[in-house]
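In: Below: sequence and its predicted model.
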Amino acid sequence: MNILSIQSHVAYGHVGNASAVFPLQRLGVEVWPINTVQFSNHTGYGAWRGQVFEASAIGELVAGMAERGVLERCDGVLSGYMGSADIGSAILDAVAQVRAANRYATYCCDPVIGDVGRGIFVRPGIPEFMRDKAVPAADVITPNQFELELLSGLTCVSITDAIAACDLLHKRGPKVILVTSLHVGETPPDSIDLLASGPDGRFLVRTPRLALSLNGAGDAIAALFFFHVMRTGSTAEALSLAASSIYGVLDRTEKAQSRELLLVEAQEEFIRPSRLFPASAI
């Protein structure tokens, strides 16, 4: 399997491509990463160094790959944080080129906009771009609860609400939706829910809530879920495997009191999760 991953990148730590590429490679995927930024570390540290690349660089790199005749072998495109609407447009152009070369290629968009407690943390114009352009172009999307509510315009206080929000977004284009960090009325205080909705049904996984807050977990689970959806064709199996793997990594990270995901140290979780959380049909 070949996946073109267009995301941010950090030299130290794990966010963006630095969070998504290795888990995919560990699962046997040939990943073609295009970095939209190159920073020393993620911005959660409050200070960083590096460079934001021009949107035109994405087109140049995709054109170079097209000249090698490899886009027809690209099975999917994965995108995450988009620093500007221009970069977003360049990503969608790349998706269009891949689909023109391989009509079976799929696109997974992690619509990074914000989070509960933090609100919107992307530049002006990005929420609208995600809602009006990126999400309708995607086959798979992986919003968190905050992003699900913003994209759908619905407030989710129950699982029924979350399903209704997914149904609304399905009508705009995406066939499969993974909702991460879901905490609604039915969710116990010591747990967190993940909801997946696809052509084969709606499914829920509930895991213990871990007492840590760090960057990059969303990037990793989006990559894992996308891979397992493409590999198995099963929304339920993809949800179970992705949720189990990321829980194992997070649990290991919490026990080590690390500020960065221990993706390398806990890499066996991608192959054989130490604890398997089955997906329940809802």
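Out: In hand now; what should we look at? Numbers count the residues shown, from 1 in each chain.
In: host element of the spatially most central residue of the chain?
Out: With distances taken as CA atoms, centre = their mean, the residue of the chain nearest its centroid is residue 222 (2.8 Å). Using DSSP states H and E, residue 222 falls within helix 217-232.
In: who does that helix touch, helix- and strand-wise?
Out: For helix 217-232, the helices and strands in contact under the criterion 3 or more CB pairs under 8 Å, 6 or more residues apart in numbering; DSSP states H and E are strand 2-10, helix 17-26, strand 76-79, strand 106-109, strand 140-141, strand 176-182, helix 235-255. The way it works is simple: take the backbone N, C-alpha and C, and place the C-beta from them, glycine included.
In: my guess is the residue nearest to the centre of the chain contacts residue 110, does it?
Out: Yes: in this structure, residue 222 is within contact of residue 110 by CB atoms under 8 Å, at 4.1 Å.
In: and for the two, which residues touch both?
Out: When contacts are counted by CB atoms under 8 Å, 6 or more residues apart in numbering, residue 222 and residue 110 have 78, 80, 142 as shared neighbours.
In: Next, work out how far apart residue 281 and residue 5 are.
Out: Going from residue 281 to residue 5 by CB to CB, to the nearest Å gives 31 Å.
In: neighbour count winner among these two?
Out: Shown here are residue 281 and residue 5; by other CB atoms under 10 Å, residue 5 has more neighbours (26 against 9).
In: how about the more buried one, what does it touch?
Out: By CB under 8 Å, 6+ apart, the residues touching residue 5 are 17, 20, 21, 24, 31, 32, 33, 34, 77, 78, 79, 223.
In: ok, the last one touching residue 78?
Out: Yes: assessed by CB under 8 Å, residue 223 is found in contact with residue 78 at 6.1 Å.
In: what residues do those two have in common as contacts?
Out: Overlap of the contact sets of residue 223 and residue 78 (by CB under 8 Å, 6+ apart) consists of 3, 5, 20.
In: Report the spatially nearest residue to the last one, omitting neighbours in sequence.
Out: Using CB to CB, 6 or more residues apart in numbering and skipping the chain neighbours, the partner closest in space to residue 20 is residue 223 (3.8 Å).
In: pretty sure residue 234 is touching residue 200, no?
Out: Yes: applying CB under 8 Å, one finds residue 234 in contact with residue 200, separated by 6.5 Å.
In: what are the pairing partners of the least confident helix or strand in the chain by mean pLDDT, and which direction each?
Out: When each helix and strand of the chain is scored by mean pLDDT, DSSP states H and E, strand 119-120 comes last, with a mean of 86. Here strand 119-120 is paired, per DSSP bridges, with strand 114-115 (antiparallel).
In: Report the distance from the partner strand to the chain centre.
Out: Offset of strand 114-115 from its chain centre (CA atoms, centre = their mean, to the nearest Å): 13 Å.
In: Equivalent analysis for stretch 4-12, please.
Out: Remark: stretch 4-12 is offset 12 Å from the chain centroid, using CA atoms, centre = their mean.
In: Would you mark the buried spots in it?
Out: Neighbour-count burial for stretch 4-12, counted by 16 or more other CB atoms under 10 Å, picks out 4, 5, 6, 7, 8, 9, 10.
In: I'd like the residues you listed laid out as JSON lines, including pLDDT and distance to residue 214.
Out: Shown next, in JSON lines, are the buried residues of stretch 4-12 (pLDDT from 0 to 100; distance: CB to CB, whole Å):
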{"residue": "4", "pLDDT": "98", "distance to residue 214": "26"}
{"residue": "5", "pLDDT": "98", "distance to residue 214": "20"}
{"residue": "6", "pLDDT": "97", "distance to residue 214": "23"}
{"residue": "7", "pLDDT": "95", "distance to residue 214": "17"}
{"residue": "8", "pLDDT": "93", "distance to residue 214": "16"}
{"residue": "9", "pLDDT": "95", "distance to residue 214": "17"}
{"residue": "10", "pLDDT": "95", "distance to residue 214": "13"}
